[in-house]
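Peer 1: let's see this in three dimensions:
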Amino acid sequence: MHHLTVKDVMTHKVISVGENTGFKDIAQTLLTHTVSALPVVDDDGHVVGIVSEADLLRGKEPQDTHSGEPTPPKRQTCANRTGGEVARELMRVPAITISKDAPVADAGRLMSENDVKRLPVIDGQGRLAGIVSRCDLLRAFIRSDHDIEREVRLDVLTRSLWMDTSLVQVTVKDGVVTLSGRMTLRGDTRIALDMTRQIDGVIDVIDELAWDRDNTRTGERL
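Peer 2: Numbering: from 1, shown residues only. Next up is the predicted model:
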């Protein structure tokens with residue numbers, strides 16, 4: 001099966017800033033390109049951090065000298081910052097990145113786990129290769145039900161399982177695949193379900209498969 005990787009859906013042209021880029025230049029770059037965050041790269045193009053609007057606006061919480069408790073935070077703006085900071089002092093580290101060869105599903109999980117909307121994409125040497133957003137990942141799911149059904153039948157049931165699957169039915173509705181019918185071995189039903197879940201464009205898999213013999217404990221494969 002061919003699975004879309006991050007490099008298939010990412011944006012190749014990406015705006016970044018260097019470690020020594022000043023506060024005002026970072027702010028101007030964010031405004032000019034209408035983005036909320038930028039990768040920070042070193043002189044060799046390696047991603048070393050992320051700097052965002054929130055990082056620029058983040059204020060300090062001064063201590064109350066009488067009680068020792070922090071006073072209510074004050075929202076700082078570009079106007080009341082000195083402008084002396086540079087990217088390496090403002091950025092968040094380590095940067096959350098994804099390899100350009102990673103499956104799009106991995107990028108989706110990483111975004112969800114870290115509650116971010118986009119990820120810098122790196123090559124094998126850790127250099128910035130692009131950027132991938134949630135919107136980019138949606139491209140993997142824009143597939144017709146017919147194409148998904150065909151891939152399940154050909155790549156999963158016929159080419160991978162190498163068995164007579166004439167008693168297995170595949171139906172796809174809005175990206176949800178239902179596998180029904182009967183197989184000889186319980187292990188084959190598990191393989192079919194797992195492989196189907198990995199197909200690009202599959203939203204969910206419904207298991208309605210029956211089996212004749214449970215080979216999952218012995219590892220039997222006929």
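
Peer 1: grab the nearest non-local neighbour of residue 8.
Peer 2: residue 104 (7.5 Å; CB to CB, 6 or more residues apart in numbering). Backbone N, C-alpha and C define where each C-beta goes, glycine included.

Peer 1: right, and the one you found touches residue 98 too?
Peer 2: No - Residue 104 lies out of contact with residue 98 (CB atoms under 8 Å); the separation is 9.5 Å.

Peer 1: can you list residues touching both of the two?
Peer 2: Counting by CB atoms under 8 Å, 6 or more residues apart in numbering, the contacts common to residue 104 and residue 98 are residue 6.

Peer 1: what does stretch 146-163 contact?
Peer 2: The contact list for stretch 146-163 (CB under 8 Å, 6+ apart) reads 1, 165, 168, 170-172, 175, 177, 179, 183-184, 188, 191-192, 195-196, 199, 201-202.

Peer 1: mind checking which helix or strand residue 165 is in?
Peer 2: Element membership of residue 165 [criterion: DSSP states H and E] is none; it lies in no helix or strand.

Peer 1: how many neighbours does it have?
Peer 2: 19 (other CB atoms under 10 Å).

Peer 1: cool, and residue 39?
Peer 2: Applying other CB under 10 Å, I find that residue 39 has 27 neighbouring residues.

Peer 1: picking that back up, now the buried members of the contacts of stretch 146-163.
Peer 2: Burial by neighbour count, 16 or more other CB atoms under 10 Å: within these this picks out 165, 168, 170, 172, 175, 177, 179, 183, 188, 191-192, 195-196, 199, 201-202.

Peer 1: which members of the residues you listed are positioned in strands?
Peer 2: In strands, judged by DSSP state E, the following of the buried ones among the contacts of stretch 146-163 are found: 168, 170, 172, 177, 179, 183.
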